[in-house]
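Peer 1: model the following, please.
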Amino acid sequence: MNNVTEFILLGLTQNPVLQKILLAVILVAYLITLAGNLLILVTIFSTPALKSPMYYFLSYLSILDGFYSSCMAPKMIFDLISKKNTISFDACLTQVFAEHFIGGTEIVLLVVMAYDRYVAICKPLHYMTIMSRSVCVFLMAMTVVLGFLHGGVQILLMMPLPFCGPNIIDHFLCDLMPLLELACTDTHTLGPLITANSGSMCLLTFCMLVASYFLILRSLRNHSAEGRRKALSTCASHVTVVIMFFVPCSYLYLRPLTSFRIDKAVTVFCTIATPMLNPLIYTLRNAEVKNAMKKLWGQMKKTTDQ
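Peer 2: Numbers count the residues shown, from 1 in each chain. This is a model prediction of the structure:
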């Protein structure tokens, strides 16, 4: 039986001065995230040269980054402004589902993007045949389905848990670990099962990513120096994003059911920093995207001048 209708979020800090600084930092980071990912979307959809499968998947990664950040950042900003750090029980579970649904979808999408790079580098003559439009749509649909199943399993395991108080969550968002600590029942059996859902997904997909890049590196031995440079430059952005996503994910979920002070900082990096940095990483290291953005900016400036 649940006596709890809402939870109180303690946030990142109780220091008023630090709260003001955090408000400014999170607000700026969130606006940069939205603007950066929107810029990538507009650039890809308005540039005929960026119609390859790689950019098709990159556009959806930008959409996911925008939604992922929007699951947490607006609530954090509202709490810091209003000082009302409460969230209803239903909204709390919705946030948990959204976080794991979008995060799970993004994890699978990173594997799909690695497979796309493998085909492009190892089987260049058959690339457009293997990565046809219908295959890309199927792979993208698969990422959404797997992400939904991942988030759905988390909620199905959490919903039966009774919460009878206290209702104070020492975090800035609702997540599995803080909620399990508040459950009025023994979670020694259920807890590892819930966290294993995320942990095993992180571990399995990371192993698949490592395997794909091992095959890519092995095949590059047969390429020219210029071909190796171009391939490695393309893969470097993806590898950087993978590391930024999987290292915090592995830390949070591939460990015993315990909370640490540093968990908040790691979660901030996952939910605020990574979605903000992804557009910068992909644009700064991708000459095609940068050139397309310059042309788009030139066209907009020319239209404005007229």
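
Peer 1: contacts and neighbour counts: CA atoms only from here.
Peer 2: Will do.

Peer 1: give the other helices and strands that the helix or strand containing residue 237 contacts.
Peer 2: In this structure, residue 237 sits in helix 225-253 according to DSSP states H and E. Using 3 or more C-alpha pairs under 8 Å, 6 or more residues apart in numbering; DSSP states H and E, the elements in contact with helix 225-253 are helix 89-122, helix 190-219, helix 262-268, helix 274-284.

Peer 1: can you list these in TSV and add mean neighbour count and mean pLDDT?
Peer 2: Supplementary listing: the helices and strands packed on helix 225-253 in TSV, determined by neighbours: other C-alpha atoms under 10 Å; pLDDT from 0 to 100:
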stretch	mean neighbour count	mean pLDDT
helix 89-122	21	89
helix 190-219	17	76
helix 262-268	15	83
helix 274-284	21	81
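
Peer 1: can you lay out those as TSV showing distance to residue 232?
Peer 2: Shown next, in TSV, are the helices and strands packed on helix 225-253 (distance: least, C-alpha to C-alpha, whole Å):
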stretch	distance to residue 232
helix 89-122	10
helix 190-219	9
helix 262-268	28
helix 274-284	13
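
Peer 1: closest one to residue 166 among these?
Peer 2: Closest approach to residue 166 among the helices and strands packed on helix 225-253 is made by helix 89-122 (12.9 Å; C-alpha to C-alpha).

Peer 1: show me where pLDDT drops low in the stretch 51-200 of the chain?
Peer 2: 191, 194-197, 199 (pLDDT under 70).

Peer 1: what do you get if the cut-off is 80, keeping everything else the same?
Peer 2: The model of the stretch 51-200 of the chain has pLDDT under 80 over residues 83, 165, 185-200.

Peer 1: re earlier: so for residue 164, which of the helices and strands packed on helix 225-253 sits nearest?
Peer 2: Nearest to residue 164, of all these, is helix 89-122, at 11.8 Å by C-alpha to C-alpha.

Peer 1: quick one: distance of the closest one to the chain centre.
Peer 2: Per C-alpha atoms, centre = their mean, to the nearest Å, the displacement of helix 89-122 from the mean C-alpha position of its chain is 6 Å.

Peer 1: which elements pack onto it?
Peer 2: Using 3+ C-alpha pairs under 8 Å, 6+ apart as the test, helix 89-122 ends up in contact with strand 6-9, helix 53-70, helix 127-130, helix 133-158, helix 190-219, helix 225-253.

Peer 1: fine by me, thanks again.
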